[in-house]
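Chemist: Any chance you could fold what I've pasted below:
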Amino acid sequence: MNKFLLIFFFTFILSLPCLAQYSFEPSPANPYGTLNPEAPEQVGDFEELIGESSCTSQNRAADGSWNDAVSMTWTFKYIMNGMAVQDETLKEDGAHSGSIRQFNADSAKWYVHYYSSGSAPSVLPAWEGSKSEDSSIVLYREQAAPNGTEGFYRLTFSEITDESFEWIGEWVNTTETFTYPTWKISCNKL
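Modeler: This is a model prediction of the structure:
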């Protein structure tokens, strides 16, 4: 019995450095992880969104009207030992999605890779952007309008507080003088 306890003790002691090595990962004490102090400071851009929010999601119908709002839960957490952010949506209509958000200090931009339960593309669509002067987070992906006009699909997190935030997805022309919203989400932190 003493031999068993001795082996257990040394195994536990030797594993402590590994546990400390990943101390910014989600855990029972910090279910959404924590920001790694070694991460670029911009990884904290999503700090107020970290956690779980109750949201309503609404997108455009084919005729241009707005569909009925759908309830969803949007969860943000730190991943990769506090060096990046992941989010997940669970919608009452069964259309779930998520993103992996990494900040590249060399380009000073966020790179956001999106995935959903509706499809499994061979290459994930990606947006890039940064936090604006008004504290919104704005991301872009090149996308032509249905009529072929060059432009972007722009995603904007705005009105960000500890209690709530807004999100909108909209097509914009290259000069951003014309916008056409196609998806909007309003969230309150739980």
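
Chemist: helix/strand/coil for the residue sitting nearest the centre point of the chain?
Modeler: Nearest to the mean C-alpha position of the chain, counting by Cα atoms, centre = their mean, stands Asp87 at 3.9 Å. Put simply, Asp87 is strand when judged by DSSP: H, G, I helix; E, B strand; the rest coil.

Chemist: and it, bridged to which residues?
Modeler: Phe76, Ser99 (DSSP bridges).

Chemist: And the helices in this protein?
Modeler: For the chain, the helices defined by DSSP state H occupy 2-21.

Chemist: low-confidence ranges in the chain?
Modeler: Within the chain, the ranges that satisfy pLDDT under 70 run 1-20.

Chemist: can you rerun that using 80?
Modeler: Within the chain, the stretches with pLDDT under 80 are 1-21.

Chemist: now the residue nearest to the centre of the chain: how far from Thr177?
Modeler: 30 Å (Cβ to Cβ, to the nearest Å). Quick note: C-beta positions are derived from backbone N, CA and C, even for glycine.

Chemist: again, but for Ser53
Modeler: 32 Å.

Chemist: ok, now Pro37?
Modeler: Pro37 sits 41 Å away from Thr177, going by Cβ to Cβ.

Chemist: Equivalent analysis for Asn81, please.
Modeler: Shown here: Asn81 relative to Thr177, a distance of 42 Å by Cβ to Cβ.

Chemist: More neighbours: which of the two?
Modeler: Legend: neighbour count by other Cβ atoms under 10 Å for Asn81 and Thr177, higher for Asn81 (16 against 7).
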